[in-house]
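A.B. asks: Next input, structure requested:
(chains A, B and C)
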Amino acid sequence: MNAFSLAIKNLIRKPGRTAALTLLTAFLALSVFGGSLVVSSLQRGLHSLESRLGADIIVLPASAQSKVSFEKLLLQGTTGAFYMDASALDAVREVEGVEIAAPQTFLASLKADCCAVKVQVIGMDQETDFVVQPWIAQSYSRSLGDMDVAVGCKVEADVGETLRIYDENCHVVARLAPTGTGLDTAVYCNMDTMNHLLAAAEQKGVSHKITSDSEETISAVYVKVKDGYDIDQVNSKLNGHVRKATAVRTRSMLTQVSDSLAGVSRTVSLLIAAVWVLALIILLIAFAMMAAERRREFAVLRLVGTSRRGLCRLVLTESALCSLAGGLIGIGAAAAVVFPFTTLIETQLGLPYLTPDARTMLLLGALALGVTVLVGALASAWAALRLSRTDPGATLREGA
Amino acid sequence: MILRAENISKRYFRRTGQANYFEAVKPLSLALEPGSLTLLMGRSGGGKTTLLHMLSGLLTPTEGKVWLGDTDLYALPDAQLSRLRGEQIGVVPQGRSAVDTLTVLENVLLPGQLCGRPAKQETALYWLEALEIGNLADARPAALSGGELRRMAIARVLTQDPQVILADEPTGDLDDASTRLVLSILQKAAHEQGKTVFVVTHENDAREYADRVYRMDGGSLS
Amino acid sequence: MMKKAIFPILILILSLVIALGSQTFLSPCVHEDGSFGSCHWAGRAMLGVGILLAALALLSWARKDAYLAVMPAALLGCFIPGTLISLCKMSAMRCRSVMQPAMILLCAVIAMLALIGYAVNRKSNK
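C.D. replies: Here you go, the predicted model:
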């Protein structure tokens, strides 16, 4: 029997003690892994939002409501419907420095026949769009035909299914890759389909026109600024030139998101730190108590030929095994909670949230495991050191 | 192998009257011969256990040296001293000395396994039988009485098969019959296997098994 | 005694969480207009599965073979929301973001507990 198998026996034959240590370290690993998973998902969500908002400037109807509504749509996936006259698009294009201007039109479906919530339908101009199409291209190589729709990953409709929107049949031809943003809950179509749906909505009594004589309406214009032009200047020019519209820099929207993300990250980090310190203290006490309780046992081990170093190794092995098991259990538990409830976490936070890829997750898991084992080792090292310094002769003299 | 103590003493810091230390063992020299059983008797608090711990390599003397053959025990680094203790010096300490998570048999086999010189299971069972606790081999120490634990510690030392056996009150919790059994086994180890056996006791009957008897009182040998 | 009781008790508690939760804090979507979608019926089905599991938990206290019945019943619970009974078409909706993962998790844990409970009790009976 070497130190390792002795450690194993000690752990197995004192199940209560082992379970307590394992549970404690499991809790630590759970908080570290769960917390860092949420934080890194939020960071990935922000990056994803950044790449999905590939435009420099977004022009929205001038009403105060429309900007709020647009942001909510983007972040929380709520539906929004705001309109401006299609002439705004031409006005945008007249401004110097605008390279591409791509219009989008939004329509909130009534209750789609499947569910209680409304679905956001986004129509885009296939000639000019540079925001949605690259995304669609990731999962669908052709362009969207009439009455074809591509659905965000959170719309539970498979390719080949038919969605009924305002009693019109829309064919699902693609499901899009997740972005972690509100865009995942929307349905995308081309402008012809959108106009068709708008007409159908009109018939159902849902009006979207601003004035009765306007031919076409749009909801937003995504603008790409030409190289060499200052985005801020173009932005203010747009604000001056396009009537009844506001131009918003996407950067400012992203800043808002990254600010609240920083807030959440800070809270989570604080929480992890608190748990870490708490676990370290509790483990220190636990190991100190264990060391006191097992003084005689360790003195006997010294008596029968265990060196100081061997004793340290035994204590460290026991704690490492406990914290390793605890770490794996904790990480497993965190995974079992965080992954199934991803959508819930996302809706509750109201921030872009995109689960990291497998490599990052393995890395985070390894990190959490490392932190847990490190805390276990730190906490027991002190006890081990003290034990090995104790004079076995003196301990053995103390009564039986 | 001969175990020699050369002018060893042990002082503990403690406020006693004029001096600020207490001399548990006053400087003394002692040679334990192989093949003989040496008895150390004396009143409690006389320094017997301290002396035994110093002889066994568990307690560094304040002054003096302990030689096992021609090895100066306390000049060795801890790892080597521990190894030597595991292989050559068997100690039966006072009180409980069991690892609670191991069975009696595993406890008895432990020293050899720790120093990489495992003893045969039959040897361990033989000694457990000889000490009349063979039926407890698979029991956990918590289930044993004081006398049984004591005999387990003796079986552990005998299974370990060291050159030197140091026993602190090995018959402390035992009845007369068991006391005689233990002492005769220890005597046999000395006489038939040529081991160096040193027994601390205040059992007067033990004298008849001893080749030499020392008395210790107030830290000095007589 | 402890060994024999702990698993049925744990399973019983989780079964009750399924049964009661599916009607309360883990319930499927509540439609604004008071109508029911199919997710509502998935919730009702989980009420039944929860009660069934609770009964089996009590039974396995007395007879260890009942653990073997807990496992398929719990697996059934895993498949009811979403697979056997369809849920709403949006993942952000309550039935998909709350009820489905919670029910699958609870049922999976119950199935695992039943497996461990069966193994432990079989070993200790030998």
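A.B. asks: now the lowest-mean-pLDDT helix or strand in chain C: how far from the chain's centre is it?
C.D. replies: Taking mean pLDDT, DSSP states H and E as the measure, chain C has helix C:94 as its least confident helix or strand, at a mean of 84. Averaged C-alpha coordinates place helix C:94 at 18 Å from its chain's average position (CA atoms, centre = their mean, to the nearest Å).
A.B. asks: what ranges do the helices span in the stretch 101-250 of chain A?
C.D. replies: Per DSSP state H, counting those that start in this stretch, the stretch 101-250 of chain A has helices spanning A:133-139, A:191-203, A:231-241, A:250-293. These are given in chain order.
A.B. asks: in the third one, what counts as buried?
C.D. replies: What that stands for is helix A:231-241. Across helix A:231-241, burial judged by 16 or more other CB atoms under 10 Å in any protein chain shown covers A:231, A:234-235, A:237-239, A:241. Backbone N, C-alpha and C define where each C-beta goes, glycine included.
A.B. asks: JSON lines for the residues you listed, including distance to chain C?
C.D. replies: Supplementary listing: the buried residues of helix A:231-241 in JSON lines, determined by distance: CB to the nearest CB, whole Å:
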{"residue": "A:I231", "distance to chain C": "33"}
{"residue": "A:V234", "distance to chain C": "35"}
{"residue": "A:N235", "distance to chain C": "32"}
{"residue": "A:K237", "distance to chain C": "38"}
{"residue": "A:L238", "distance to chain C": "33"}
{"residue": "A:N239", "distance to chain C": "34"}
{"residue": "A:H241", "distance to chain C": "38"}
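A.B. asks: Quick check: the residue of chain C nearest chain A.
C.D. replies: C:P101 (3.2 Å; CB to the nearest CB).
A.B. asks: now swap in chain B and tell me
C.D. replies: Nearest residue of chain B to chain A: B:G86, at 1.9 Å (CB to the nearest CB).
A.B. asks: quick one: which helix or strand includes that residue?
C.D. replies: With elements delineated by DSSP states H and E, B:G86 resides in helix B:78-88, which encompasses its position.
A.B. asks: list the buried ones in that helix?
C.D. replies: Going by 16+ other CB under 10 Å, helix B:78-88 has these buried residues: B:81-88.
A.B. asks: Save those as TSV, and put in distance to A:P15 and pLDDT too.
C.D. replies: Formatted as TSV, the entries for the buried residues of helix B:78-88 read as follows, by distance: CB to CB, whole Å; pLDDT from 0 to 100:
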residue	distance to A:P15	pLDDT
B:L81	35	89
B:S82	30	88
B:R83	32	87
B:L84	36	88
B:R85	32	87
B:G86	29	85
B:E87	34	86
B:Q88	37	89
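A.B. asks: Just put those in a markdown table and tack on distance to B:D211.
C.D. replies: Shown next, in a markdown table, are these (distance: CB to CB, whole Å):
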| residue | distance to B:D211 |
| --- | --- |
| B:L81 | 28 |
| B:S82 | 30 |
| B:R83 | 29 |
| B:L84 | 25 |
| B:R85 | 24 |
| B:G86 | 27 |
| B:E87 | 25 |
| B:Q88 | 20 |
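A.B. asks: Closest one of those residues to B:A137?
C.D. replies: Distance from B:A137 was checked for each of the buried residues of helix B:78-88 by CB to CB. The minimum falls on B:G86, at 21.6 Å.
A.B. asks: isn't the closest one right up against B:A119?
C.D. replies: No. Checked against CB atoms under 8 Å, the pair B:G86 and B:A119 is beyond contact range at 11.5 Å.
A.B. asks: Quick check: neighbours shared by the two?
C.D. replies: Listed as contacting both B:G86 and B:A119 by CB atoms under 8 Å, 6 or more residues apart in numbering or on different chains are B:111-112, B:160.
A.B. asks: Show the contacting residues for the residue in the stretch 151-300 of chain A positioned nearest to chain C.
C.D. replies: When CB to the nearest CB is the measure, the stretch 151-300 of chain A has its nearest residue to chain C at A:K154, with 4.0 Å between them. Under the criterion of CB under 8 Å, 6+ apart, the contact list for A:K154 reads A:77, A:178, A:184-185, A:343, C:90-92.
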